[in-house]
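Engineer: would you be able to build a 3D model of this:
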Amino acid sequence: MIKNIGKKALEGIADAIIDNFKKNEDEINDMNVFPVPDGDTGTNMLLTLRSIKEEVLKTKNPTIKAVLESASLGALMGARGNSGVILSQIVKGFFDILIRSEKVDLEIIRQALKSSREVAYGAVQDPTEGTMLTTIKDMHIHVEEICENSNDIKLRELLDSIIKAAEESVERTTFILPVLKQANVVDAGARGVLEILIGIKHAFSNSRKASGGLEMKLSSGRGSRIGKKSDPGGQAKEMIREETMEKNMSLEEVKSTSEIKYTYCTELVVKGSGMNIGRLREKIKSYGDSTLVVGSENLIKIHVHTNAPQKVLNRAVKAGTLHDIQINNMKDQRMEAAADTPEIKEAAQAVKRALVLVSNGEGLEEIFKSIGVDCIIGGGQSMNPSTYDIVKAINSLDASEVLIFPNNKNIILTANQAKKLIKKKTITVIPTRTIPEGIAAVLSYNPDAGMKENAYNMEQSIKMSKSGEITRAVRDAKMHVGEIKKGAYIGLFNGEVRIISDNLIDAAADLIRDVMKGDEEVITFYTGREAESSDIDALKKKITELFPEIDIEMHRGGQPLYPFIFSIE
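Structural biologist: Model (predicted):
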């Protein structure tokens, strides 16, 4: 078994996987059943793969274990959209087992696929069969059968066999999900998983060092066990969480407006052999707060806020050699930040609870800020933020409690993943799927109420919300409303496609007419970048003619891709 791998070979393997996926990105995107300009499956999976590559190439000592840990971290932090998050869970589940394994055999691969399946299914509140979840499950079942019937198998043969099983699973998705059968396509995420497997085979075949590993015989390994030191997923999960916090700690130092108890932010790397990370962590904790001590027995990263950096260095040097030492005076940093930010006095009151929201459009940002949102993450349709983007935003706030509003069904899972990675704050994800739902939820926020009461009230406001969106189809599609041609205007109400039209004004008016029940009083429009002033006037005139008793409000949203977003009350 390969113990370590050079950076050049590592980059070559990553590039081969990414290049193969890139070739199929557009085709995977075109399999998306809904033709809306959202974060497409292929693009989101590709961006997640690139994040894995970026993190892996940062590995200073590329042992297989270190590479797998970096890959898992890169997948978690770079995940975008539902497909990216599920992919990150598949990667994490698989590598959690390999990282802790004493050797790799058929039984370990079976356990790793089982872990992938369980972690991926566990990440989704209501798992749907006929998706990439089904494909990872089918792969696990296939390897289970091989374990029962084979004493040994070459890695190349096993990989070919798994790819074939994945191909069959992908084809089956069409017949499992009715919406896929109607559109006559396979599931895009499942196809993405297949292309990653094919890319892995190309990568190993094309790498001189790794190709020999494909001829390695894997014994059944019955009785193979994982290393004793860790509970399932524990060590890897803890390292990922703590490294996540470490990456974003500098933001907390600069942005914090509460009294600074410890002056010096102290960071360093310790290299050695057989180092006791637990003992070192406990000692470093005694010197201050915001302590992070992560790594392995050969390399440890330390971060701590302290008034005695010399004690930190003296203790660390007893464990090994010191590298990359940084000691920053946080009081100076805060004064510099205050000098650059005139509004710092207004923000000086420590925020106990903060509202974080995903949105795109200058007008929408102004609206959300005016109703009390503390932090806005740029993103939405076609530009889903990554897990890291959300974690970074949350860690930039001096708040112990945070409410997150994704405002897009394809960002909810990412927000929940970010929530899992943050330990020292209480995070609540309010599952808003549209901008109007986000506005309704934020307006129902009561700063004097508890998190649970607010979450309940907000979710009730979401249920009562009626929101519509007008956009253009980004691809041809066949749906229950009929044939949709690329470029046609489509009207969505509460996420469901209801109207197809060749005319922007007709699409909006027809959608409103289709969903009105007669007891509504106000329609509020948020106009996008593509909506001309003549379009806005024409729409207002037509709605007034259709519903003379209803009040119409127009607000500049500035959002891309969606000329009109509206709510009805």
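Engineer: Asp152 contacts Lys217, correct?
Structural biologist: Yes - taking Cβ atoms under 8 Å as the definition, Asp152 is a contact partner of Lys217 at 5.0 Å. (C-beta placed from N, C-alpha, C; glycine too.)
Engineer: what's the neighbour count on Asn149?
Structural biologist: 9 (other Cβ atoms under 10 Å).
Engineer: quick one, phi psi at it?
Structural biologist: Backbone torsions of Asn149, given as degrees, to the nearest 10, read phi -110, psi 0.
Engineer: begin at 584 from now on, thanks
Structural biologist: Understood, numbering begins at 584; the last thing we discussed is Asn732.
Engineer: for the chain, which helix is longest?
Structural biologist: Longest helix in the chain by number of residues (criterion: DSSP state H): helix 590-613.
Engineer: let me see the mean pLDDT of that helix.
Structural biologist: Across helix 590-613, the average pLDDT comes to 91.
Engineer: what's it in contact with?
Structural biologist: With contact meaning Cβ atoms under 8 Å, 6 or more residues apart in numbering, helix 590-613 is reached by 588, 623-626, 628-629, 632-633, 635-636, 639-640, 642, 645, 650, 771, 774-775, 778-779, 781-783, 785-787, 789-793, 1058.
Engineer: how about the strand or helix carrying Tyr1039: buried residues?
Structural biologist: For Tyr1039, the host element (DSSP states H and E) is helix 1034-1047. Applying a neighbour-count criterion of 16 or more other Cβ atoms under 10 Å, the buried positions in helix 1034-1047 are 1037-1038, 1041, 1044-1045.
Engineer: let me know the closest of the residues you listed to Ala937.
Structural biologist: Of all the buried residues of helix 1034-1047, Ala937 sits closest to Asn1037, with 12.4 Å by Cβ to Cβ.
Engineer: look up how far Ile682 lies from that closest one.
Structural biologist: Computed as Cβ to Cβ, to the nearest Å, the Asn1037 to Ile682 distance reads 39 Å.
Engineer: hmm, back to that, buried ones among the contacts of helix 590-613?
Structural biologist: For the contacts of helix 590-613, buried by 16+ other Cβ under 10 Å: 588, 623-626, 628-629, 632-633, 635-636, 639, 642, 645, 650, 771, 774-775, 778-779, 781-783, 786-787, 790, 792-793, 1058.
Engineer: taking these one by one, which sit in helices?
Structural biologist: Short answer: the buried ones among the contacts of helix 590-613 in helices (DSSP H) are 624-626, 628-629, 632-633, 635-636, 639, 650, 771, 774-775, 778-779, 781-783, 786-787, 792-793.
Engineer: if we can go back for a sec, now the longest helix of the chain - C-alpha only, PDB.
Structural biologist: Coordinates of the C-alpha atoms in helix 590-613 are reproduced here as PDB (Å, rounded to 0.1, in the frame of the first residue of the first chain):
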ATOM      1  CA  LYS A 590       2.700  16.800  -4.700                       C
ATOM      2  CA  LYS A 591       3.000  16.500  -8.500                       C
ATOM      3  CA  ALA A 592       1.400  13.100  -8.500                       C
ATOM      4  CA  LEU A 593      -1.300  14.300  -6.100                       C
ATOM      5  CA  GLU A 594      -2.100  17.200  -8.400                       C
ATOM      6  CA  GLY A 595      -2.200  14.900 -11.400                       C
ATOM      7  CA  ILE A 596      -4.700  12.600  -9.700                       C
ATOM      8  CA  ALA A 597      -6.900  15.600  -8.700                       C
ATOM      9  CA  ASP A 598      -6.700  17.100 -12.200                       C
ATOM     10  CA  ALA A 599      -7.700  13.800 -13.900                       C
ATOM     11  CA  ILE A 600     -10.800  13.500 -11.700                       C
ATOM     12  CA  ILE A 601     -11.700  17.200 -12.200                       C
ATOM     13  CA  ASP A 602     -11.000  17.200 -15.900                       C
ATOM     14  CA  ASN A 603     -13.200  14.100 -16.500                       C
ATOM     15  CA  PHE A 604     -16.000  15.700 -14.500                       C
ATOM     16  CA  LYS A 605     -15.600  19.100 -16.300                       C
ATOM     17  CA  LYS A 606     -16.200  17.300 -19.600                       C
ATOM     18  CA  ASN A 607     -19.500  16.100 -18.400                       C
ATOM     19  CA  GLU A 608     -20.500  19.200 -16.400                       C
ATOM     20  CA  ASP A 609     -22.900  20.700 -19.000                       C
ATOM     21  CA  GLU A 610     -24.600  17.300 -19.700                       C
ATOM     22  CA  ILE A 611     -25.100  16.800 -15.900                       C
ATOM     23  CA  ASN A 612     -26.500  20.300 -15.600                       C
ATOM     24  CA  ASP A 613     -28.900  19.600 -18.400                       C
END
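Engineer: tilt between that helix and helix 624-639?
Structural biologist: Here helix 590-613 runs at an angle of 170 degrees relative to helix 624-639 (axes from the mean of the first three to the mean of the last three Cα atoms, to 10 degrees).
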